[in-house]
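> predicted coordinates and the sequence they were generated for:
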Amino acid sequence: GAGVSQSPSNKVTEKGKDVELRCDPISGHTALYWYRQRLGQGLEFLIYFQGNSAPDKSGLPSDRFSAERTGESVSTLTIQRTQQEDSAVYLCASSLAGTSGRVGEQYFGPGTRLTVT
Amino acid sequence: GQNIDQPTEMTATEGAIVQINCTYQTSGFNGLFWYQQHAGEAPTFLSYNVLDGLEEKGRFSSFLSRSKGYSYLLLKELQMKDSASYLCAVRVLFSGGYNKLIFGAGTRLAVHP
């Protein structure tokens, strides 16, 4: 079956504009995660969804960042009034909801490369 | 707090063996993952440890010592295609009954002929 998909693959935007990034998880995966990865750095957790609710939003860097998920499927990450510091690759991952073994293994999408000019 | 440390960069020669170490201080430990990430691509799963000991999978092996908060990834018979970043990630179980992966910054491995 299909893996995690993300769109767009690349986005160039002007400072101050809003952007919306989309993630389509693997069918049946109820857990969904967003990460940010700056050039040459590790993955920075942003938000976690279980179904349509977000029990952990602790990684969202500011109130300019928000995310939602509908129908236990697609998720969108919105960044308002983008700043140059928001330039990064935004990765989405999904997993089954289990907490043991490899059940919780996260499968990553290809990411969206965001460049704020 | 949650903290994961791994070397920033390593170099090795084609055909050799390399060991990438990872140390962690976390609460609610529920397993350790290693991911491989080629430049410009998404991370892909390499290995998983939850009990102490060595897990072998072809040319790659991963070791875990929970008492020491330590893991390593061992790559044998290195190939040029093994040049990538290797991410250590600890799965933490929260009181709400959900997991979160805490990632290290990654180790960039360069394999030379």
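Yep, it's here. Numbers count the residues shown, from 1 in each chain, chains lettered A, B, ... in the order given.

> for the helix or strand hosting B:Y86, packing partners?
For B:Y86, the host element (DSSP states H and E) is strand B:84-93. With contacts taken as 3 or more C-beta pairs under 8 Å, 6 or more residues apart in numbering or on different chains; DSSP states H and E, strand B:84-93 sits against strand B:3-5, strand B:18-25, strand B:29-37, strand B:70-75, strand B:99-103, strand B:107-112. Placement of C-beta: from N, CA and C, glycine included.

> sheet partners, orientation included, of the helix or strand bottoming out on mean pLDDT in chain B?
Across the helices and strands of chain B, mean confidence by mean pLDDT, DSSP states H and E is lowest for strand B:99-103: a mean of 85. Applying DSSP bridges, strand B:99-103 is found paired with strand B:84-93 (antiparallel).

> for the partner strand, which outside residues touch it?
For strand B:84-93, the surrounding residues in contact (C-beta atoms under 8 Å, 6 or more residues apart in numbering or on different chains) are A:42-43, A:99, A:104, B:2, B:4, B:6, B:20, B:22, B:24, B:26-39, B:43, B:46, B:71, B:73, B:99-104, B:106-109.

> near chain B, which residues of chain A?
A:4, A:31, A:33, A:35, A:40-45, A:48, A:50, A:55-56, A:91, A:95, A:97, A:99-102, A:104-111 (C-beta under 8 Å from any C-beta of the partner chain).

> among those residues, name the buried ones.
A:4, A:31, A:33, A:35, A:42-45, A:48, A:50, A:56, A:91, A:95, A:99, A:104-111 (16 or more other C-beta atoms under 10 Å in any protein chain shown).

> which residue lies closest in space to the residue of chain B most remote from its centre, excluding its sequence neighbours?
Taking C-alpha atoms, centre = their mean, the residue of chain B most remote from its mean C-alpha position is B:G96, at 26.2 Å. Distance criterion C-beta to C-beta, 6 or more residues apart in numbering or on different chains; nearest residue to B:G96, sequence neighbours excluded, is A:P55 at 5.4 Å.

> geometric centre of chain A: which residue is closest?
Most central in chain A (C-alpha atoms, centre = their mean) works out to A:W34, at 2.9 Å.
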